[in-house]
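*Asks:* Sequence and computational prediction follow.
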Amino acid sequence: MTVFRSDGRRRAATIIDVARHANVSVGTVSRYLNGIIIRQTKREAIDKAIAALHYNRNAAAKAMRTERTNMVALLVPDYDEFFAEVLASLTRNLADEGQVLLTHKHEGDPKTLAMAMEFFQNHRVNAVVTPGVSEVRTQVEALVEHGIPVVFFNNDVPYLKVDRVFARNRDISRRAVRHLIDLGHRRIGHISGGMRETTAQDRQAGYSDALRDADIPLNPNYIAGASWKRQDAYSAIERLMQLDEPPTAIFTATYVLALAVIDYFREHDIALGKDVSLLSFDDVEIFRQMSPGVTAIAQPTTAIGQAISEIVLGHINGIQRIAPRTVTIDCSIILRQSTRPPRGNG
């Protein structure tokens, strides 16, 4: 049986193809090729798949013992809409080249993330893809030292020799807040994410840039949050709306924070868009279904996944340049009814 890429070109069968043909997991095939005893029915299914696909089992077994596997690791804090869409894009692109994507959700726990990185290093994955986390700098350096490429996305840790793929967070945040200013808003609040992360820093910097460009004084009282948690964002919007001169518009650093704002508005009879405008980073399905819909910054998750895949495959195929590469990708603003001119003078 011949195996083809999605573009119709022939390619050699991989361990993923064997696992699919035999209807077993990749791990089961790996154990069998390394001489570990598995059930007879699975052994027979794998042998038939190897024969049908003309799979080079000797070369594969040697590769798993001494070289790399055909596996790429993706480590994320959770499977929210952003990470799920990047995961889907990566899976499609890497599968075309015979690579399987192994995912691990660490829930923001640095110890769990460090253990996962050490695990994938010991299992000689072809690359590790992850948002940057400063607490695991040592583990990232160890991966690079062992020749395993690392690609950061969504958040950076400076001065590490890794590739990077990021949305242009600062620029699009500046443009988004400029939209609120163009509508006539002057009292614009910002609910930020965790300020230890470059993502939150860049989005807040874009907010400040827009105010400075419009000669609007930066009022520290209008910045709140400093966490990615919904309950903290609720406390933040509560504080902002209790100011003597509360904001007439809110810019949130991610959709989870925006949902807390919407919760607060509903509970306090504040009309979204009419009384206070809301603009969120990240466009998610619920924003499209709500009435009024929420104006949001859409991240190009498909393009992000494609860019990461190209870098990873470049390393695997030996064509990626030695110097780390940084790719930045434009976002877009999706205008909906949650952003309107302020009542009165703003």
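*Replies:* On my side now, so go ahead.

*Asks:* quick one, domains of the chain?
*Replies:* 3-66, 71-167+301-329, 169-299 (automatic domain parsing).

*Asks:* Look up phi and psi at K105.
*Replies:* With angles defined as degrees, to the nearest 10, K105 sits at phi -100, psi 120.

*Asks:* which residues pair with it across the strands?
*Replies:* V76 (DSSP bridges).

*Asks:* Give me the pLDDT value at it.
*Replies:* pLDDT recorded at K105 is 96.

*Asks:* Run a quick neighbour tally on it.
*Replies:* 16 (other CB atoms under 10 Å). C-beta: built from backbone N, CA, C; applies to glycine.

*Asks:* Quick one: residues contacting the residue sitting nearest the centre point of the chain.
*Replies:* Centroid-nearest residue in the chain: F83, 4.3 Å away (criterion: CA atoms, centre = their mean). Shown in contact with F83 (CB atoms under 8 Å, 6 or more residues apart in numbering): 76-77.

*Asks:* Now it: which helix or strand?
*Replies:* Element membership for F83 (DSSP states H and E) is helix 81-95.

*Asks:* Give me the below-cutoff pLDDT ranges for the stretch 51-200 of the chain.
*Replies:* Along the stretch 51-200 of the chain, segments meeting pLDDT under 70 span 57-68.

*Asks:* all helices in it, in order from the N-terminus.
*Replies:* Assigned by DSSP state H, counting those that start in this stretch, the stretch 51-200 of the chain shows helices spanning 57-66, 81-95, 110-122, 137-145, 169-182, 198-213.

*Asks:* who wins for proximity to V312 among those helices?
*Replies:* helix 81-95 (7.0 Å; CB to CB).

*Asks:* buried ones in that closest one?
*Replies:* Neighbour counts over helix 81-95 (16 or more other CB atoms under 10 Å) mark 82-83, 85-87, 89-91, 93-95 as buried.

*Asks:* what number of residues lie near the residue nearest to Q204 when sequence neighbours are not counted?
*Replies:* Once flanking residues are discounted, Q204 sits nearest to S192: 5.0 Å by CB to CB, 6 or more residues apart in numbering. Residues within reach of S192, counting by other CB under 10 Å, total 25.

*Asks:* From A233, how far out is S192?
*Replies:* According to CB to CB, to the nearest Å, S192 stands 9 Å off from A233.

*Asks:* Overlap in contacts, the two.
*Replies:* Shared contacts of S192 and A233, counting by CB under 8 Å, 6+ apart, come down to G225.

*Asks:* do you know which of the helices of the stretch 51-200 of the chain lies nearest I304?
*Replies:* Taking CB to CB, helix 81-95 is the member of the helices of the stretch 51-200 of the chain nearest to I304, at 5.6 Å.

*Asks:* Just checking the distance from that closest one to the centre of its chain.
*Replies:* Distance of helix 81-95 from the chain centroid (CA atoms, centre = their mean, to the nearest Å) equals 9 Å.

*Asks:* For it, C-alpha coordinates in PDB please.
*Replies:* Coordinates of each C-alpha in helix 81-95 appear next as PDB, following Å, rounded to 0.1, in the frame of the first residue of the first chain:
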ATOM      1  CA  GLU A  81     -10.600  28.300  22.100                       C
ATOM      2  CA  PHE A  82      -7.300  29.900  21.100                       C
ATOM      3  CA  PHE A  83      -5.100  27.000  22.100                       C
ATOM      4  CA  ALA A  84      -7.600  24.500  20.600                       C
ATOM      5  CA  GLU A  85      -7.600  26.200  17.200                       C
ATOM      6  CA  VAL A  86      -3.800  26.400  17.200                       C
ATOM      7  CA  LEU A  87      -3.700  22.700  18.100                       C
ATOM      8  CA  ALA A  88      -6.100  21.800  15.200                       C
ATOM      9  CA  SER A  89      -3.900  23.800  12.700                       C
ATOM     10  CA  LEU A  90      -0.700  22.200  13.900                       C
ATOM     11  CA  THR A  91      -2.200  18.700  13.800                       C
ATOM     12  CA  ARG A  92      -3.300  19.100  10.200                       C
ATOM     13  CA  ASN A  93       0.000  20.600   9.000                       C
ATOM     14  CA  LEU A  94       2.300  18.100  10.800                       C
ATOM     15  CA  ALA A  95       0.200  15.100   9.900                       C
END
